[in-house]
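Chemist: Got a predicted structure here, sequence first:
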Amino acid sequence: MSQETMHFQAEVKQLLQLMIHSLYSNKEIFLRELISNASDAADKLRFEAIANPALLEEAPNLQIEVSLDAEARTISIEDNGIGMSRDEAISHLGTIAKSGTKEFFQRLSGDQQRDAALIGQFGVGFYSAFIVADEVTVESRRAGLPASEGVRWQSRGEGDFAVETVERAPRGTRITLHLREGEDELLSSWRLKSIIQKYSDHIALPILMRKEEWDAEAGKTVVKDETETVNQASALWTRPKSEIDDAQYKSFYQHLSHDTNEPLAWTHNRVEGRSEYTQLLYVPSRAPFDLWDRSRHGGLKLYVRRVFIMDDAEALLPSYLRFIRGVVDSSDLPLNVSREILQESRDVRAIREGVTKRALSMIEDLAENHAEKFATFWSEFGQTLKEGVGEDHANRERIAKLLRFASTHTGTDEQTVSLADYVSRMKDAQTKIYYVNADSYRAAANSPHLEVFRKKGIEVLLLSDRVDEWMLSYLTEFDGKPIASVARGDLDLTPDEAEKEAQEKTGEALQPLLEAAKVALADKAKDVRLTFRLTESPSCLVADEGELSGHLQRMLKAAGQAAPDTKPILELNPEHPLVKRLQAGQAGFDDWCHLLFDQALLAEGGSLDDPAAFVKRSNALLLQANA
């Protein structure tokens, strides 16, 4: 077939430009990325060859070779892995099929350092070649296809690429980089070896380079025909921990995750017993851009007896730990294991339990011994971890101890208060842990429901994450103390006898007012009653016991979900001047009741059904008051 010119997908062109400019300061990662891709290609061949051994052809020993030609100014990376067909070359090298691509580009800020980290998360892969090359040639043949169906792909990374069918005998892929001007330092075997040993020493395949030796007679270094292995060529997780230093663990994480940042923590151990497996798990320091993408697959790389089986094995991790990166290598699972088998396997359930406990142990260690790192973890993954309260009953208590909140005690929006911290500061007569939920920290901190708590010096947790109210429907107590909303039902703040007697007298005196207000607000309020939880505001809304709060109802409706159409209870502060002036039967009484209800709704972050009527009513009452 003759050569055909095609255009890159728009996102590819955008990524190429961003990458060349943002990642140039760390340009040596191109070799890490291309070797990583070559390793993945070998893993895929090894897996497919389980069912079809003929794919290995006459070359069962998988390897990667890196070579350079100083005169031609080229570097080549060649593997004998799965290879690509013509259609696969067009699809894999000309488009980005990754979910969340649009959101990824929207999050780019123009700050080179910040964008470089985000691009690293996205996975620069093959396109990293253009950081150092002004032209790239790829020749490939997919395992199982005849030599006549090889493919050659060429591009200068400027918007289009050429592709043609060629004769190619060896299976696998060869990528040739034509270096840009000024990249002469890469035309050194010593430099390439140092990059490989820095970033790719853990690759399980041998990475080969031509041997070199000094020819005294010729007065120069001569490249020989024989090759040597320049990496350790053993899977990092299979080696004893005593032989692996921190730099190697960090390097392996970056290979695994395509993240340019260092991990916050890692754990590496072999489990023996009912199930035998090795696990190497990492806690990242930054959330991936698509953490909240519903179509995103999270999970660990699964190997069986060092044979790669699949990326993103979701069955090995609960959803709330989807940010954990790592490898699980099982000694028990069959090599032909599928995603369906993973969902049903007893061995997989045992691995999942072990991986979950190990991951939580890492996070607990951060919380107990590395406060600064835990603060970073919580800012990136705290909301995700909260999902575990409802999803993982077996570990609910462990997760509860890791939760952090803002509170009235700290006076800031930073979520640093644990439930154990709160319990340690509870008043002697206090029996419950109190919280208020709102759409934002500011709305929670200014909630009228907090007034009596401030007066009595009782701490309240200030919740504003979308997941909080759902989470607390599962977490109803901690350390034997009920967790209660300050905006639900009657408060039991144990007033003294004199205070209680005064409240009862006030309630009897204002009963006619309450009955008239119930009639005026029959279409809005389930009930109208007095409250002694307010000290500054005239009114507030509360949910009856067993009913959804207004905040949760609004969240459900915003998400397009059905919510029960329940009415709130309006509570009036009998000590407030507005309420003291109210008298049943007075002119404008109904308008005053509606105004107090609407004010309370706005104060808790709700929206009015008829804003124009609220404005009109407010203006009329202002004129009446000034008459």
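Modeler: Done, it's in. Keep in mind the model is a prediction, meaning the values are calculated, not measured.

Chemist: from here on, contacts and neighbour counts on C-alpha atoms
Modeler: Noted.

Chemist: pLDDT on stretch 310-322, on average?
Modeler: What stretch 310-322 shows for mean pLDDT is 87.

Chemist: For that stretch, which residues meet the burial criterion?
Modeler: The neighbour-count check on stretch 310-322 (16 or more other CA atoms under 10 Å) flags 310, 312, 313, 314, 315, 316, 317, 318, 319, 320, 321, 322 as buried.

Chemist: Which member of the residues you listed is positioned nearest residue 468?
Modeler: Within the buried residues of stretch 310-322, the smallest distance to residue 468 is 14.1 Å, found for residue 320 (CA to CA).

Chemist: from memory that closest one sits against residue 389, does it?
Modeler: No. Under the criterion of CA atoms under 8 Å, residue 320 makes no contact with residue 389, lying 9.1 Å away.

Chemist: my hunch is that residue 251 is in a helix, does that hold up?
Modeler: Yes. Using DSSP: H, G, I helix; E, B strand; the rest coil, the secondary structure at residue 251 is a helix.

Chemist: what residues are up against it?
Modeler: Each residue near residue 251 by CA atoms under 8 Å, 6 or more residues apart in numbering is listed here: 198, 199, 200.

Chemist: Verify the stated contact: residue 329 with residue 277.
Modeler: Yes. Assessed by CA under 8 Å, residue 329 is found in contact with residue 277 at 5.5 Å.

Chemist: circling back to that earlier point, how about the contacts of residue 251 in a markdown table, adding neighbour count, pLDDT and distance to residue 460?
Modeler: Formatted as a markdown table, these follow (neighbours: other CA atoms under 10 Å; pLDDT from 0 to 100; distance: CA to CA, whole Å):
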| residue | neighbour count | pLDDT | distance to residue 460 |
| --- | --- | --- | --- |
| 198 | 16 | 82 | 50 |
| 199 | 24 | 81 | 49 |
| 200 | 28 | 84 | 51 |
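
Chemist: how about JSON lines for those, with distance to residue 621 and secondary structure added?
Modeler: Shown next, in JSON lines, are the contacts of residue 251 (distance: CA to CA, whole Å; DSSP: H, G, I helix; E, B strand; the rest coil):
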{"residue": "198", "distance to residue 621": "75", "secondary structure": "helix"}
{"residue": "199", "distance to residue 621": "73", "secondary structure": "helix"}
{"residue": "200", "distance to residue 621": "75", "secondary structure": "coil"}
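
Chemist: how about those residues in a markdown table, adding distance to residue 268?
Modeler: As requested, those are exported to a markdown table (distance: CA to CA, whole Å):
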| residue | distance to residue 268 |
| --- | --- |
| 198 | 20 |
| 199 | 19 |
| 200 | 19 |
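
Chemist: who does residue 267 bridge with?
Modeler: Under DSSP bridges, the beta-bridge partners of residue 267 are residue 281.

Chemist: One more: the one 10 residues further on?
Modeler: When bridges are taken as DSSP bridges, the partners of residue 277 come out as residue 271, residue 330.

Chemist: neighbours of it, just the number please.
Modeler: Neighbour count of residue 277, defined by other CA atoms under 10 Å: 21.

Chemist: Could you pull up the contacting residues of it?
Modeler: 270, 271, 328, 329, 330, 331, 332, 351 are the contacts of residue 277 under CA under 8 Å, 6+ apart.

Chemist: Dump those residues to a markdown table, plus distance to residue 479 and neighbour count.
Modeler: Formatted as a markdown table, the contacts of residue 277 follow (distance: CA to CA, whole Å; neighbours: other CA atoms under 10 Å):
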| residue | distance to residue 479 | neighbour count |
| --- | --- | --- |
| 270 | 34 | 15 |
| 271 | 32 | 15 |
| 328 | 35 | 24 |
| 329 | 38 | 23 |
| 330 | 38 | 24 |
| 331 | 40 | 16 |
| 332 | 40 | 14 |
| 351 | 30 | 24 |
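
Chemist: so what pLDDT did the most far-flung residue of the chain relative to its centre get?
Modeler: The C-alpha centroid of the chain is most remote from residue 217, which lies 60.1 Å away (CA atoms, centre = their mean). On pLDDT, residue 217 comes in at 73.

Chemist: Could you look up the SS state of it?
Modeler: Following three-state DSSP, residue 217 is assigned to coil.

Chemist: What separation is there between it and residue 535?
Modeler: 97 Å (CA to CA, to the nearest Å).

Chemist: and if you look at residue 423?
Modeler: Residue 423 is 25 Å from residue 535, by CA to CA.

Chemist: likewise residue 607?
Modeler: Residue 607 is 24 Å from residue 535, by CA to CA.

Chemist: Of these two, which one has the most company?
Modeler: Neighbours per residue, other CA under 10 Å: of residue 607 and residue 535, the larger number sits with residue 535, 20 against 12.

Chemist: Show me how this protein divides into domains.
Modeler: 4-233, 237-369, 403-485, 497-626 (automatic domain parsing).

Chemist: among those domains, which is nearest residue 382?
Modeler: domain 403-485 (7.4 Å).

Chemist: all helices of the stretch 301-450 of the chain, in order?
Modeler: Under the criterion DSSP state H, counting those that start in this stretch, the stretch 301-450 of the chain carries helices at the ranges 339-344, 346-369, 371-391, 396-402, 419-424, 441-445.

Chemist: Give me whichever of those helices is most buried.
Modeler: helix 441-445 (a mean of 20; mean count of other CA atoms under 10 Å).

Chemist: how far out from the middle of the chain is that one?
Modeler: Chain-centre distance of helix 441-445: 25 Å, with CA atoms, centre = their mean, to the nearest Å.

Chemist: before we move on, what about stretch 52-69?
Modeler: Counting by CA atoms, centre = their mean, stretch 52-69 comes out at 36 Å from the chain centroid.

Chemist: Could you export that stretch as PDB, keeping only the C-alpha atoms?
Modeler: In PDB, the C-alpha atoms belonging to stretch 52-69 read as follows (Å, rounded to 0.1, in the frame of the first residue of the first chain):
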ATOM      1  CA  ASN A  52      -1.800 -18.900  21.500                       C
ATOM      2  CA  PRO A  53       1.900 -20.000  21.900                       C
ATOM      3  CA  ALA A  54       2.500 -19.600  18.200                       C
ATOM      4  CA  LEU A  55       2.600 -15.800  18.600                       C
ATOM      5  CA  LEU A  56       6.100 -16.200  20.100                       C
ATOM      6  CA  GLU A  57       7.200 -17.300  16.700                       C
ATOM      7  CA  GLU A  58      10.900 -18.100  16.700                       C
ATOM      8  CA  ALA A  59      11.800 -15.600  19.400                       C
ATOM      9  CA  PRO A  60      10.500 -16.700  22.800                       C
ATOM     10  CA  ASN A  61      13.000 -14.600  24.700                       C
ATOM     11  CA  LEU A  62      11.600 -11.200  25.200                       C
ATOM     12  CA  GLN A  63      13.900  -8.200  25.300                       C
ATOM     13  CA  ILE A  64      14.400  -4.500  24.600                       C
ATOM     14  CA  GLU A  65      17.400  -3.000  22.800                       C
ATOM     15  CA  VAL A  66      18.500   0.600  22.900                       C
ATOM     16  CA  SER A  67      21.000   1.700  20.200                       C
ATOM     17  CA  LEU A  68      22.400   5.000  18.900                       C
ATOM     18  CA  ASP A  69      24.000   6.200  15.700                       C
END
